[in-house]
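A.B. asks: quick one: sequence and predicted model below, then my questions.
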Amino acid sequence: MSPQPGAHTPQIPASARTWTRAALVAVVAVLLSALAPAAPEAAAQPGGQIGIDVSSITPGVVRSDSGDVLKVSGSLHNNSDETIDQLEMRVERGESRATRPELVEAMRGGVRTANRTRFTPVTDRLAPGQSTSFELRVELKGNGPQALGLEHPGVYPVLLNVNGDLAPQRRARLGVTDFTLPVLSLPGGSTQAPAQSTGITTLVPLVDYPHMAQEQLPGRPTILTDDRLAKSLAPGGRLSELVDAVSEQVPADSELGKSVCFAIDPDLVVTAKAMAEGYQVRQQGGRTVPGTGSRTAADWLDRLREAVEGRCVLSLPYSDADLVALARAGLPDLIRGSLDGAELLSRELNVTVRDDVLWPVDGSLDRSTASQLADTSVSSVLMHPDSLAGTSGTLRPARLNTGNPDYAPTARKIDPLLADALNPARGQQAGGSTGLAPVGDGMPAVLDGLAALTFRASEAAVAGDTLIAPPRRWNPGGAELREFFSGLRNLQEAGYVRPEPLPAPDEGGAGGGDSSAGTSSSAAGGNRRVAPTYPTSSERAEIPPTVLDELAAQNYKVGQLYSAAEREPALNVAPARVTTPLRNGLLHGASSAWRGNGAAASHWVDVASRTLEGVLDGVHTSKFDGQITLTSSQGKILVTVQNDLPVNVRFKLHVDSPPGVQVDDLGVLRVPANGSRLFLPETTVERSGKFTVDVTLRTEGGAKLGQTRRLRVDSNAYGTVPLILTITAAALLVLLSARRIVRRVRSRGNGSNGGGDGTDPSGPGGSPAGESPAGESPAGESPAGESPAGGETETTPAQDNPTAPETSPGEETPRAEDHDSSPERGADEDGPAEPVTDNDPRRS
């Protein structure tokens, strides 16, 4: 069953589509080949041994003044490992297409042949790997053996068929290619234009793959991963031909020129500018060599500036980033950052660049991503109808339902028929625009596009203008591009199409209202809002979440560096000058180029991460191979911080130390741009010996700057345990000394103080138990200078010198009048006690 207009068809791998198309055409040709008497029957072959490259089809659009002959030229290439003999070709056509499904079927190669010409010899022999040129000439009208037999205007499927001998008696079909031919009028007839022409706006995308591993920074060169971009920018290269074809075929001041709008990836211009200023190319093993494309890049930029002058230019997301993937990864700052390229393009190309229009990857958004555009300048989104709910059958703009009542940008619809025709995926999915397209022969796709536009204007007209959106990495050759723009001009002159500029931003802003370019609110769907429907095919091709998680982690470091950086007045370098290239490098990992290729996306995130680490290492602790010696428990360690960046940087010093070592927190510190500073954090050591401390610089948010530096420390200070033991020993010594002093004082006091009234307190019979009579020492002790009762001399523990005087110098002996009796001898001595007076010589 044929697909209905606007219906989404299942995705089929490109290799399978190519084989199926070739096989179907081959089967049809086999069944009908018996009708051609001059051609032997040929068996279909699985795959094309002969590659067909069509370089020219004249006329590309058949008009009354085109002439009677269709000329097709190009080359054949032997892709097999066998020599092929007796190569010959012929042209076949099907019936004109009457419906959109029939046209889609024709562009996929599934048509029945209605007419065929006679085989034309090309070459007698073609060895493996060799090529040969061909040229076929057939009449457009008539019933001759070399005529297509066209009878009325329309869009006709055309097939080129190559036959040859693989061996004697083994003739086979070896290759086919097909295209659709728009016929506005038979040669010599009159052109019947449609009642109403179709408005057209044409996008010309300038997008490539990421190439820049490191964008130029102060003190750091531009480094590219390869030098392939130089080839594309050189005359004859893809990007060079795109610019030159527009300049030559559609002048800016022409009506058609005003309907052409360049859609430029800012990363491409940044890379070309960096190349023009001198760059390095990284080789295997990490070494770099000077790039060879500086002059080429400068020339291309000059030609681009001339081409965009006076034209519509819109900015794509930086590196054509997949905004839906970024939104699902929770990276709204990267979404906003990817959409700020308009100012950059305007500055580099000297032209006004529209930042109000967004052309997302595959023309697809989900609601979450659309809602995050509210904080941007986007007021119009170029959408594929397969990504909008309930909009089939019309190309009129509509309001996009973002879930935010205050934000409803205009959804301008890409013509799906034209998008499928220009895309070699042949409309198998809503997008499929991530790779080079077409690969190899681009002429059939160009003619398919012109035929689809002719069909849209004549047989399948719908409300609304046609927005022609080629594949993002559009890859036709120079001749093919010139044929395409020449065909647009022919359709304009025939009254089929009407060039229209891309509508201006809505006067009412992104939230709604009338437009300033004639697109009223009714034309944009009035108050009705349509919901985005993200295609399953696009979702399957998204960059893997694991890659986006790593991208998010690296993006956090970039944000931390930006927050920590300050402009140094002497150098006048803004922090964004350092961090924006790092952010852009991360966007390379989210480029649409890597949809369906998670390994490539991961590689580019790794490339950006290594560059980021190199910049973060620009703030680091200086290497110190010596040893820090601390002679006390309180000391300082020396940390020198070097900043190689052109901005001042704030940071915190984190010191990981072993138990028993504490380093004071110095708070937020600052190191000047391209300078260094010495810091001396106070260190408290509660241990002795040799140990290490790890010093790390971090932003206030925790992002690491530079590498962790390990310092060796030798401490001679006492630790806690030795200190406690020392204090305890000192305390015990003091206590023992105090005890001896007290005993000594008591001993002297007992020797000078007798009983108060001279009586024996124990009464008759002697002293009470445990006490000595007045004037005597307890058992085992004697007053200083006296012997105990046994007559033996004994020195008390508190007396180092037993012959020392009883009193210290300056100490007074109690006076006699202060006591009733003050005996100087013991009670057992003869004679009365002698009173001691002030003049007593014993006081000396």
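C.D. replies: That came through fine.
A.B. asks: how about the helices in the stretch 601-750 of the chain?
C.D. replies: Counting by DSSP state H, counting those that start in this stretch, the stretch 601-750 of the chain has helices at residues 720-752.
A.B. asks: what residue ranges in it score low on pLDDT?
C.D. replies: Low-confidence segments of the stretch 601-750 of the chain (pLDDT under 70): 625-633, 687-688, 715-723, 725, 750.
A.B. asks: helix or strand: which one has the residue nearest in space to the middle of the chain?
C.D. replies: The centroid of the chain falls nearest to Leu586 when counting by CA atoms, centre = their mean (2.1 Å). Taking DSSP states H and E as the definition, Leu586 sits inside helix 575-588.
A.B. asks: what residues sit buried inside that helix?
C.D. replies: Pro575, Val578, Thr579, Thr580, Pro581, Leu582, Arg583, Asn584, Gly585, Leu586, Leu587, His588 (16 or more other CB atoms under 10 Å). (C-beta placed from N, C-alpha, C; glycine too.)
A.B. asks: hey, what's Glu176 bridged with?
C.D. replies: In this structure residue 176 is Val, not Glu. For Val176, the beta-bridge partners are Asn161 (DSSP bridges).
A.B. asks: what about it, how many neighbours?
C.D. replies: 23 (other CB atoms under 10 Å).
A.B. asks: doesn't Asn163 make contact with it?
C.D. replies: No: counting by CB atoms under 8 Å, Val176 does not reach Asn163; the two are 10.1 Å apart.
A.B. asks: which residues does the residue nearest to the centre of the chain contact?
C.D. replies: Taking CB atoms under 8 Å, 6 or more residues apart in numbering, we find Leu586 in contact with Leu334, Leu551, Gln554, Asn555, Val558, Val605, Ala608, Leu612.
A.B. asks: ok, the nearest residue to it once chain neighbours are set aside to Gly495 distance?
C.D. replies: Nearest-residue entry for Leu586: Ala608, 4.7 Å, with adjacent residues in sequence omitted and distances by CB to CB, 6 or more residues apart in numbering. Distance, Ala608 to Gly495, by CB to CB, to the nearest Å: 52 Å.
A.B. asks: repeat for Thr536
C.D. replies: For Thr536 relative to Gly495 (CB to CB), the value is 40 Å.
A.B. asks: who has more neighbours out of these two?
C.D. replies: Neighbour tally, Thr536 and Gly495, criterion other CB under 10 Å: the higher count belongs to Gly495, 16 against 13.
A.B. asks: quick check: which element contains the more buried one?
C.D. replies: Here Gly495 is assigned to no helix or strand, by DSSP H and E.
A.B. asks: let me see the contact set for it.
C.D. replies: Counting by CB under 8 Å, 6+ apart, Gly495 makes contact with Thr191, Ala193, Pro194, Ser197.
A.B. asks: give me phi/psi at the closest residue to the third one other than its chain neighbours?
C.D. replies: With CB to CB, 6+ apart as the measure, Ser458 is the residue that lies nearest to Pro194, at 5.2 Å, once sequence neighbours are left out. Backbone torsions for Ser458, taken as degrees, to the nearest 10, come to phi -110, psi -50.
A.B. asks: Ser458 reaches Tyr496, doesn't it?
C.D. replies: Yes: contact criterion CB under 8 Å: Ser458 and Tyr496 qualify, at 6.8 Å.
A.B. asks: what do these two both touch?
C.D. replies: When CB under 8 Å, 6+ apart defines a contact, the residues bordering Ser458 and Tyr496 alike are Pro194.
A.B. asks: can you list the weak-confidence ranges in this protein?
C.D. replies: Per-residue confidence for the chain (pLDDT under 70) gives these ranges: 1-47, 424-433, 506-527, 625-633, 687-688, 715-723, 725, 750-844.
A.B. asks: show me which of Ser458 and Tyr496 is the more surrounded one.
C.D. replies: Tyr496 (23 against 19).
A.B. asks: using the three-state scheme, assign Leu551.
C.D. replies: Here Leu551 is recorded as helix under DSSP: H, G, I helix; E, B strand; the rest coil.
A.B. asks: not counting sequence-adjacent ones, nearest residue to Val668?
C.D. replies: Nearest to Val668 is Arg650, by CB to CB, 6+ apart, at 5.5 Å.
A.B. asks: compute the number of surrounding residues for the one you found.
C.D. replies: Number of residues near Arg650 (other CB under 10 Å) recorded here: 14.
A.B. asks: who touches it in this structure?
C.D. replies: Contacts of Arg650 (CB under 8 Å, 6+ apart): Ala564, Ala565, Glu566, Val668, Leu669, Arg670, Thr699, Glu700.
A.B. asks: beta partners for the second one?
C.D. replies: This means Ala565. Taking DSSP bridges, one obtains Val649 as the residues bridged to Ala565.
A.B. asks: that one and Val578 touch, don't they?
C.D. replies: Yes: at 6.3 Å, Ala565 counts as touching Val578 under the criterion of CB under 8 Å.
A.B. asks: what's the overlap in contacts for these two?
C.D. replies: Common neighbours of Ala565 and Val578 (criterion: CB under 8 Å, 6+ apart): Leu645, Val647.
A.B. asks: tell me the contacts of the residue nearest to Leu586?
C.D. replies: By CB under 8 Å, 6+ apart, the residues touching Ala608 are Leu551, Gln554, Leu582, Gly585, Leu586, His588, Gly589.
A.B. asks: follow-up on the earlier one: would you show me how to pick out the buried ones of the contacts of Gly495 in PyMOL?
C.D. replies: Buried residues among these (16+ other CB under 10 Å), as a PyMOL selection:
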select buried, resi 193+194+197
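A.B. asks: looking at the contacts of Gly495, spot the one nearest Ser387.
C.D. replies: Ser197 (27.3 Å; CB to CB).
A.B. asks: surely that closest one meets Val497?
C.D. replies: Yes: using CB under 8 Å, Ser197 is in contact with Val497, at 5.7 Å.
A.B. asks: no further questions, thank you.
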